[in-house]
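A.B. asks: next come a sequence and a model predicted from it.
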There are 2 protein chains.
Amino acid sequence: MTPINFRDKLSLIPDFWQPRVVAEMNDYQFKLVRIEGDFLWHDHAETDETFIVLDGTLRLDFRDGHVLVGPGEMYVVPKGVEHKPSAEKEVRMMLIEPRGTINTGAEGGERTAQNDLWI
Amino acid sequence: MTPINFRDKLSLIPDFWQPRVVAEMNDYQFKLVRIEGDFLWHDHAETDETFIVLDGTLRLDFRDGHVLVGPGEMYVVPKGVEHKPSAEKEVRMMLIEPRGTINTGAEGGERTAQNDLWI
C-alpha cells in the first residue's frame, strides 16, 4: 500500500524518450517519460493516447495545427491521428495507453523504445 | 486543439464529491473531483479505479490498512477491493475509470453522484 510518486519515479529514468511503466489499470498502462527535442511523426491506429504534462511544455504537432501542453494540463490524441511530439526544453510527462502500445506506432525504426519496462 | 487545464476546470466545480468528466480516451473517462470529509465504503466489481492527486492528501482506507496519496502521486485500487476515500482537508484529484462507472459502486444511496456530467 504505497502510492506511486511521479517525481521519485522520474528520477530513476536516465534517458530521454524511454517510457517506463509505473502502474496498470485493467489493461491500460501508466508510463512516465522524459523527453527533449523532436520525435517522429506517427499514429496509433488502434487507440487514443493520453498525455499528462508534469514539468515543461510539450508541443504536439498535427498535420493541421499544433497544441502546447503545460504542467497541470492534458491532451488526448484520437486514434489514427498523426502527431509529432517535441520539447524545446526537457518535458516530464505521463502517457496512458493500452498495454502493448508501441511508442512509434506502426512507424518502427531506431526511435522505437523497448516496451513494457517497469520502474 | 486546446489542452485541458486541471486548475481551470476545477475552478468550475462548486461542490464536493461531484465528479465532472473533462476528457475521454477510448471508453475511459477522466474526471476531476473536489472532496472533503468521509465517503462511504464501496467497491467496483467490474474495474480498477485510478486516483491521481493534484492538491491535498487523499486517504484511502481498505479493510486491511490504508494509504495516503499526496500531490504528484497516484494509486490504483484493484477491482473488487473495498475502499473508503476521505480527506481531512480539501483534496483535488483526478479519477480515471471506464465510462459508466458509478462513484458509489453497487452501494447506491444519497452519496451517488449524477454520472457522465462534463465540464
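C.D. replies: Nice, I can see it. Worth saying up front: this structure is predicted, and the values here are computed from it rather than measured.

A.B. asks: Three-state assignment for the most centrally placed residue in chain A, please.
C.D. replies: Centre of chain A computed as the mean C-alpha position; nearest residue by CA atoms, centre = their mean is residue A:95, 4.0 Å away. Remark: residue A:95 carries the secondary structure label strand [criterion: DSSP: H, G, I helix; E, B strand; the rest coil].

A.B. asks: and it, bridged to which residues?
C.D. replies: Residue A:95 forms beta bridges with residue A:31, residue A:51, as assigned by DSSP bridges.

A.B. asks: can you check residue A:67 too?
C.D. replies: According to DSSP bridges, residue A:60 are recorded as the beta-bridge partners of residue A:67.

A.B. asks: ok, now which ones touch it?
C.D. replies: A:59, A:60, A:75, B:1, B:2, B:3 (CB atoms under 8 Å, 6 or more residues apart in numbering or on different chains). Backbone N, C-alpha and C define where each C-beta goes, glycine included.

A.B. asks: tell me which residues touch the first one, please.
C.D. replies: By CB under 8 Å, 6+ apart, the residues touching residue A:59 are A:66, A:67, A:68, A:69, A:85, A:86, A:87, A:88.

A.B. asks: the fourth one and chain B, how far apart?
C.D. replies: Using CB to the nearest CB, to the nearest Å, one gets 4 Å for the distance from residue A:69 to chain B.

A.B. asks: residues from chain A in reach of chain B?
C.D. replies: Remark: the part of chain A in contact with chain B comprises A:1-7, A:22-26, A:28, A:30, A:47-50, A:52, A:54, A:62, A:65-70, A:72-76, A:79, A:96, A:98, using CB under 8 Å from any CB of the partner chain.

A.B. asks: buried subset of these as a PyMOL selection?
C.D. replies: Applied in PyMOL, the following selects the buried portion of the residues of chain A next to chain B according to 16 or more other CB atoms under 10 Å in any protein chain shown:
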select buried, chain A and resi 3+4+5+6+22+23+25+26+28+30+47+48+49+50+52+54+67+69+72+73+74+75+76+96+98
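
A.B. asks: now, the residues of chain A next to chain B that are in helices?
C.D. replies: Judged by DSSP state H, the residues of chain A next to chain B include A:6, A:7 as members of helices.

A.B. asks: quick one: which of the residues of chain A next to chain B sit in strands?
C.D. replies: Secondary structure from DSSP state E places A:4-5, A:22-25, A:28, A:30, A:49-50, A:52, A:54, A:62, A:65-69, A:73-76, A:96, A:98 of these in strands.

A.B. asks: quick one: contacts of stretch A:84-95?
C.D. replies: Under the criterion CB under 8 Å, 6+ apart, residues A:6, A:10, A:16, A:19, A:30-42, A:49-61, A:69 lie in contact with stretch A:84-95.

A.B. asks: and for stretch A:100-116?
C.D. replies: Under the contact criterion CB under 8 Å, 6+ apart, stretch A:100-116 has outside partners A:17-19, A:21, A:29, A:39-47, A:49, A:99.

A.B. asks: farthest pair within the contacts of residue A:59?
C.D. replies: The two members of the contacts of residue A:59 with the most space between them (CB to CB) are A:67 and A:88, at 14.6 Å.
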